[in-house]
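Q: kindly generate the corresponding structure for this input.
(4 chains)
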2 protein chains.
Amino acid sequence: MITSHTGTSGAEGKLPVATGSAEHLSTRKRILDIALELFTTQGYDKTSMREIAARMGFSKPAIYYHFASKEDILMALHLRLHEFGRNAVSTVQRDEASPRVWMALLDRLIDQILELHDLFVLQERNQAALAHLHRERHISEQDLLEDWFSLALANQEIPLDDRVRMTCAFKAVMGVMDLVDDVFSEVPSAALAALLREAVNDLMAPSLDPK
Amino acid sequence: MITSHTGTSGAEGKLPVATGSAEHLSTRKRILDIALELFTTQGYDKTSMREIAARMGFSKPAIYYHFASKEDILMALHLRLHEFGRNAVSTVQRDEASPRVWMALLDRLIDQILELHDLFVLQERNQAALAHLHRERHISEQDLLEDWFSLALANQEIPLDDRVRMTCAFKAVMGVMDLVDDVFSEVPSAALAALLREAVNDLMAPSLDPK
DNA sequence: GTCTATATAGGGATAGAC
DNA sequence: GTCTATCCCTATATAGAC
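A: Purely as a prediction, here's the structure:
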């Protein structure tokens, strides 16, 4: 949940930064937070600029001072994830994603995703809108998390049964993240992460043993 | 792929039917097929009625003879899945979805989903639009596949570790279906189904053994 | 940095002819 | 069952004042 911060803000806030993000707590950031919430709950396309503005407490055109377009807002949100993705995956070449490497990757991802899971829900719930964005502006394919994984999983040099398990493991991790709020709302993140790790481990075990 | 067929009326189009659906090959059905393709590739919101009409070979208002609204088209598509869902789940009470029952359920689902996987991709890619539809018209919650599963997985009488495994298994199945075309395009369905079953089995094994 | 007012386009939907 | 023409609304986005 985004606590939108009381935001009295008003005139001149040198508001203290609560997040570890690089962005300072400017109006821009507040817009992004509100947009994130609205986009995930209502969907990108069903959310209007007017609506975002209303939540901000001011009027629609004001947003255009901070963002050139509605898509730019989505883009900015997307880039947070982008950066994270590049980071998470940087140590691994896509064509050497063996089951063992994959496990290590997922293991690292579990914690990291939990922290950013708002962004992942956004991604999950607005695949269509993001795909469109992705098509329009020519984002280098390698940079995107989902694409990177898809391509890695399509690698035919890996035995098919391993690929299936790797896919299952990946989707299981992402899927559980998606249900963190709905299904596992009462469960502490750490506990969930531990159980998830266990499950993934059992799932991948046959691919990790020498054959 | 739907070959839009030149279209000129086609009073007597002997179009070869590829699908085994129950609906006869009426204009209505062709609209649904085209919409399905467009909605999945471009997203529901980015697809206009004009676009659907163009593919049909006639003009926008003609569609309104067959469907009262754009949402109705999505709805009709959604109902196919709906019916399937109710069917797939009918034998199980939600509160008795033990790990063992769950396994059996997924086992049945795997084949069935493969057959209808176009519809599942639609669902995955347009979660936002469908959620909205779902909110507006008051569809009985129990009837929807995703909701049914979410609620079953939220059942706190089931041990948490089992719930996590069940969730992983479910998401793995759905997730692999989603990637059938992208990642596993070269793999025959039957082979994929078999491997998927194996993976799910290993994943669920610890929950099936007596503790 | 935020406002009011406005331009503009596109989409969903209807009326009524054929 | 399909067409033409049209209505109407909403949404994005801009211009320019404060």
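Q: which helix or which strand is home to the most centrally placed residue in chain A?
A: Geometric centre of chain A, nearest residue: A:F120, 3.0 Å, by Cα atoms, centre = their mean. Assigned by DSSP states H and E, A:F120 belongs to helix A:117-125.
Q: anything in the helix or strand just after that helix near chain B?
A: Toward the C-terminal end, the helix or strand that comes next after helix A:117-125 (DSSP H and E) is helix A:127-136. Yes. Judged by Cβ under 8 Å from any Cβ of the partner chain, helix A:127-136 comes into contact with chain B through A:Q127, A:A128, A:A129, A:A131, A:H132. All C-beta atoms are positioned from the backbone trio N, CA, C, and that covers glycine.
Q: and helix A:127-136 with helix A:117-125, angle?
A: Counting by axes from the mean of the first three to the mean of the last three Cα atoms, to 10 degrees, helix A:127-136 lies at 90 degrees to helix A:117-125.
Q: which stretches of chain A form helices?
A: A:27-42, A:49-56, A:60-66, A:70-89, A:99-115, A:117-125, A:127-136, A:145-153, A:160-178, A:189-208 (DSSP state H).
Q: run through the neighbouring helices and strands of the second one.
A: Based on contacts counted as 3 or more Cβ pairs under 8 Å, 6 or more residues apart in numbering or on different chains; DSSP states H and E, the elements that helix A:49-56 packs against are helix A:27-42, helix A:60-66.
Q: same deal with the third one?
A: In terms of contacts (3+ Cβ pairs under 8 Å, 6+ apart), helix A:60-66 is packed against helix A:27-42, helix A:49-56.
Q: hang on, the earlier thing: quick one: closest of the helices of chain A to B:F170.
A: Ranking these by proximity to B:F170 (Cβ to Cβ) places helix A:160-178 first, at 7.3 Å.
Q: distance from that closest one to the middle of the chain?
A: 16 Å (Cα atoms, centre = their mean, to the nearest Å).
Q: over to stretch A:34-46?
A: Mean-position distance between stretch A:34-46 and its chain equals 14 Å (Cα atoms, centre = their mean).
Q: and what of stretch A:37-57?
A: Counting by Cα atoms, centre = their mean, stretch A:37-57 is centred 18 Å from the centre of its parent chain.
Q: span of it from start to end?
A: Terminal residues of stretch A:37-57 lie 16 Å apart, using Cα to Cα, to the nearest Å.
Q: now swap in stretch A:34-50 and tell me
A: One end of stretch A:34-50 to the other measures 12 Å (Cα to Cα).
Q: A:R80 is in contact with A:L119, correct?
A: Yes. Using Cβ atoms under 8 Å, A:L119 is in contact with A:R80, at 5.9 Å.
Q: that older thread, once you drop chain neighbours, what's closest to the residue nearest to the centre of chain A?
A: Nearest in space to A:F120, with sequence neighbours left out and distances taken as Cβ to Cβ, 6 or more residues apart in numbering or on different chains, is A:M177 at 5.3 Å.
Q: OK, contacts around the one you found?
A: Counting by Cβ atoms under 8 Å, 6 or more residues apart in numbering or on different chains, A:M177 makes contact with A:I113, A:L114, A:H117, A:F120, A:V121.
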